[in-house]
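Chemist: Sequence first, predicted model second:
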Amino acid sequence: MNSSSFFAKILLFGEYGIIKNSKGISIPFNNYSGSLKIDKSSNENIKLSNKQIKSFYDFLKLKFDKDEFNFKTFKSDIDDGLYFKSSIPLGYGVGSSGALVAAIYDKYFLKKIKREKKIDTENIIVLKNIFSKMESFFHGESSGLDPVNSYLSSPILIKSKNDIETTSIPKQKENGNKGFFLLDSGVSSNTRILVNKFLESIKNNEFEQLFQNEFVEFTNSCVDDFLNSNFNSLEKNIKKLSEFTYYNLKNMIPNHIESTWKEGLKSNDYFLKLCGSGGGGYIIGFSFDLLKANNQLKDYNFQVLISY
């Protein structure tokens, strides 16, 4: 089967904020990818993936008109052993379900929008709405942004819910010593449960006001600072974002990461933020001295994401 590969993604800024219409930036994470394959093997992982895709197929048949997908070929491929061969870790906030959604759309959607680097906002919104509907199978509620990023394989700038465009990020400096890194928390998380917790919390008017006035504003400032390479201001705003998360969204931080998170705020050597919905998986960090941060965080699997 000829099938394209679809990368993981990192939501650099916008976690939870985009639910309340903040800005956001999502970038492809090329370390991991997945693609559709056919194999009648008795391998348990292959059989499990095939079973999941069969359930997804049943869901899509209920949600979409019969002339939107090539359901006949889709079903035939499932019967032949269709599965998603993926290196993307599950429950790590890097878009494992988004890559699968993008792959299924690319292979079986009949009037698909082409994968192009230059794509207008109108078509991105069309994609986002289709993907939101598709990915709700996995999360109950989905913005559709993860599959958009995976499908287009390009950085995405979210200005608001209905104003989204592809963008370019500041050019990286090889072996630069400031920038973003990832920490592996060592545990996976459940996006659906965490997002539902947040939606429950935001019903409290006082918390919603605090979140809107502070977290959303800090997120918007971080997006602007990053795109304009204003790293001194970015560092200050990421610290504010990190502090807000530590004091107001602590249940999204894995328990064994809390002291490390607090130490960064105390020392100013690095600042941590959620990657996606949090609860586990990867944690995003920012530092003006990546070597020092790496040394201080040597107990974790530390990898540089973007350096300047």
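Modeler: Structure's in. What do you need?
Chemist: Pretty sure residue 134 sits against residue 105.
Modeler: Yes: under the criterion of Cβ atoms under 8 Å, residue 134 makes contact with residue 105 at 6.8 Å. In short, each C-beta sits where N, CA and C put it, glycine included.
Chemist: in stretch 282-300, what's buried?
Modeler: Residues of stretch 282-300 classed as buried by neighbour count (16 or more other Cβ atoms under 10 Å): 282-288, 290, 293-294, 296-297, 300.
Chemist: what does stretch 92-106 give?
Modeler: By neighbour count with 16+ other Cβ under 10 Å, stretch 92-106 contains the buried residues 92-106.
Chemist: Out of those residues, which comes closest to residue 192?
Modeler: Checking these against residue 192 with Cβ to Cβ, the nearest one is residue 97 at 10.4 Å.
Chemist: Tell me which residues touch that closest one, please.
Modeler: 135, 138-139, 146 (Cβ atoms under 8 Å, 6 or more residues apart in numbering).
Chemist: among these, who's most crowded?
Modeler: If you count neighbours using other Cβ atoms under 10 Å, the busiest of the contacts of residue 97 is residue 146, which has 30 neighbours.
Chemist: coming back round to it: kindly reformat the buried residues of stretch 282-300 as a markdown table containing pLDDT.
Modeler: Below are the buried residues of stretch 282-300 laid out as a markdown table (pLDDT from 0 to 100):
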| residue | pLDDT |
| --- | --- |
| 282 | 96 |
| 283 | 97 |
| 284 | 98 |
| 285 | 98 |
| 286 | 98 |
| 287 | 98 |
| 288 | 96 |
| 290 | 97 |
| 293 | 97 |
| 294 | 96 |
| 296 | 95 |
| 297 | 96 |
| 300 | 93 |
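Chemist: Can you list which of those residues are found in strands?
Modeler: Of the positions in the buried residues of stretch 282-300, 282-287 sit in strands, assigned by DSSP state E.
Chemist: Which two among these are spaced furthest apart?
Modeler: 282 and 287 (15.6 Å).
Chemist: which SSE is residue 131 in?
Modeler: Using DSSP states H and E, the element containing residue 131 is helix 121-139.
Chemist: and that helix, average pLDDT?
Modeler: For helix 121-139, mean pLDDT rounds to 94.
Chemist: do stretch 25-33 as well
Modeler: For stretch 25-33, mean pLDDT is 95.
Chemist: List the strands paired with the top strand by length along the chain, with their directions.
Modeler: Longest strand of the chain, by residue count under DSSP E: strand 24-38. The pairing partners recorded for strand 24-38 under DSSP bridges are strand 6-13 (antiparallel), strand 82-86 (antiparallel), strand 156-160 (antiparallel).
Chemist: Show me which residues of it are buried.
Modeler: Buried residues in strand 24-38, counting neighbours by 16+ other Cβ under 10 Å, are found at 24-29, 32-38.
Chemist: before we move on, what about stretch 210-218?
Modeler: Within stretch 210-218, the residues that count as buried by 16+ other Cβ under 10 Å are 211, 215-218.
Chemist: Of those residues, which belong to strands?
Modeler: Among those, DSSP E puts none in strands.
Chemist: just checking, residue 59 touches residue 137?
Modeler: Yes: the criterion here is Cβ under 8 Å, and residue 59 meets it with residue 137 at 4.6 Å.
Chemist: Tell me which of those two has more neighbours.
Modeler: Shown here are residue 59 and residue 137; by other Cβ under 10 Å, residue 137 has more neighbours (20 against 15).
Chemist: Quick check: the more buried one vs residue 83, distance?
Modeler: 16 Å (Cβ to Cβ, to the nearest Å).
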